[in-house]
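Chemist: Sequence plus the predicted model coming up.
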Amino acid sequence: MTEIQPTAADLSSEIARVFALQQANQWKVKATTAEQRMAKLAKLKAAVESHTDAIITAVLEDTRKPLGEIRVTEVLNVTGNIQRNIDNLDAWMTPTDVTPSMNPADKAKIVYEARGVCLILGPWNFPLGLALGPVAAAVAAGNCCIVKLTDLCPATARVAASIIAEAFDESEVALFEGDVSVASALLELPFNHIFFTGSTRVGKIVMAAAAKHLASVTLELGGKSPVIVDESADIAKVAAQLANAKQFNGGQACISPDYVFVREEQKAALIEGFRANVAANLYDNGAIRKDSIAQIVNPANFARVKALFDDAVEKGATVAVGGILEADDLTIHPTMLTDVTPQMKILQEEIFAPVIPVMTYETLDQAIGYVQARDKPLALYVYSQDEASVARVLNETSSGGVTVNGVFSHYLENNLPFGGVNHSGTGSYHGYFGFKTFSHERAVYMHQ
């Protein structure tokens, strides 16, 4: 029997129907207690756990990620995040008492109330983890929400739809599958808050759509995250961590190191260390183990990265490590480029692949000035044992977050806010900061 696909008109009508249900239900959901919200989150966690095998199968079908990465990023991180909301929700929901400055005999407090009906638009690089994380925060804060995963991961979207339908009534949380036309239809609706994870280009579209309805937004974007290495750094540690970071999800992470500044006298050691770690982690007898590194998500993105690589080589970049790009199965071997210049496109666009350009510098002023002259990145990494140098980089640059003498740690620490600034995003989440993102801080003053 042939499956009948819904028409655009049918889908638009269904979206409008569910949105109306959530608008009508938002006040009931807003009034729920911590215990009621925790029960909903527990149901969501159980649904994720019961679909673990299906999640792994679907993400593997969509992305060819290493199994260990899928289990950590798409299952364990999701359930851990949900549990963190459950464990802390009582404290997070407790109003903050404020002593009035004009009349201390009166009472005042800050109440955290739900924003209303929220739209959550997820990315393709971590399709379930970066969608259900915000869902957990939205539910913890007492919102209704509609979720849309990327059409680049259709198998994962189908599993996510099953999880959401199992855990929630559609009048509280619903998921719509489909292509960009579905996202466009959703953006026409007057949501109270929109949470988007993806590219800066699409982030501008989302922000413009939100402005039509004066909806608040959280934009988790990206950019070119720099690595500044000074002469006091442990170069072997830097090389090993860069190799691991660029292998993770095939370099397709918004906080992946995008380019490196290193002193000339350290460059050779950085190259050799990177090469040795890549060889040890990914190769057997000179052949790459393709089940150990994610493929580039689709042919269009592979072609984009190859164009950046080709442009750099044509303009004089040296392939210090790797440089093998296999179009037949969308595999890019971890690659390090040296002798790169700002005129090359690879230093102008976010790479989002296991390719890392390396530049040398003579003074810290040069590295800082280069970062200052460009859009504020989502992440910045500093390797140095010199506290004064670290302080200078922190004081004279801006980024969504910073990890010193390591990578990714500011993202992994859930007691820190994670988010961008300007071109790399607006707003933040993770843990308590996710609850706050999906909450309005309501001022309440009570005369005695």
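Modeler: That came in fine, so what should we check first?
Chemist: drop to CA atoms for contacts and neighbour counts, all remaining ones
Modeler: Will do.
Chemist: Kindly state the neighbouring-residue count (a burial measure) for Ala388.
Modeler: By other CA atoms under 10 Å, 10 other residues sit near Ala388.
Chemist: Helices of the stretch 301-448 of the chain, residue ranges please.
Modeler: Counting by DSSP state H, counting those that start in this stretch, one finds helices in the stretch 301-448 of the chain at the ranges 364-372, 387-396, 409-412, 432-437.
Chemist: Show residues contacting the lengthiest helix in the chain.
Modeler: Longest helix of the chain, by residue count under DSSP state H: helix 8-30. Under the contact criterion CA atoms under 8 Å, 6 or more residues apart in numbering, helix 8-30 has outside partners 113-114, 116-117, 142-146, 170-172, 174, 176, 182, 185-186.
Chemist: Can you report phi and psi for Ala174?
Modeler: Phi and psi for Ala174, reported as degrees, to the nearest 10, are phi -140, psi 150.
Chemist: residues contacting it?
Modeler: Ala174 neighbours (CA under 8 Å, 6+ apart): Val18, Cys145, Ile146, Val147, Ala161, Ile164, Ala165, Phe168.
Chemist: Repeat the analysis, applying 10 Å as the threshold.
Modeler: Residues near Ala174 by CA atoms under 10 Å, 6 or more residues apart in numbering: 15, 18-19, 22, 119, 144-148, 161, 164-165, 167-168.
Chemist: And for Ile356?
Modeler: Ile356 neighbours (CA under 10 Å, 6+ apart): 242-243, 246, 251, 256-260, 321, 334-338, 346-347.
Chemist: and the chain, what are its domains?
Modeler: What automatic domain parsing lists as the domains of the chain is 8-221+422-446, 225-419.
Chemist: In a markdown table, list the ones you listed along with mean pLDDT.
Modeler: As requested, those are exported to a markdown table (pLDDT from 0 to 100):
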| stretch | mean pLDDT |
| --- | --- |
| domain 8-221+422-446 | 96 |
| domain 225-419 | 97 |
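Chemist: Not counting stretch 31-39 itself, show me its contacts.
Modeler: By CA under 10 Å, 6+ apart, the residues outside stretch 31-39 that reach it are 29-30, 40-45, 82-83, 85-94, 113-114, 136, 139-143.
Chemist: List only buried entries from the residues you listed.
Modeler: 29-30, 40-45, 82-83, 85-86, 89, 92-93, 113-114, 136, 139-143 (16 or more other CA atoms under 10 Å).
Chemist: The contacts of stretch 31-39 in strands, which ones?
Modeler: Glu113, Ala114 (DSSP state E).
Chemist: if we can go back for a sec, among the helices of the stretch 301-448 of the chain, show me which one is buried the most.
Modeler: Comparing the helices of the stretch 301-448 of the chain by mean neighbour count (mean count of other CA atoms under 10 Å), helix 432-437 comes out on top with a mean of 23.
Chemist: so what does that helix touch, helix or strand wise?
Modeler: Helix 432-437 sits against helix 77-93, strand 107-114, helix 129-140, strand 216-220, strand 418-419, strand 428-429, with contacts defined as 3 or more CA pairs under 10 Å, 6 or more residues apart in numbering; DSSP states H and E.
Chemist: Nothing else from me, thank you.
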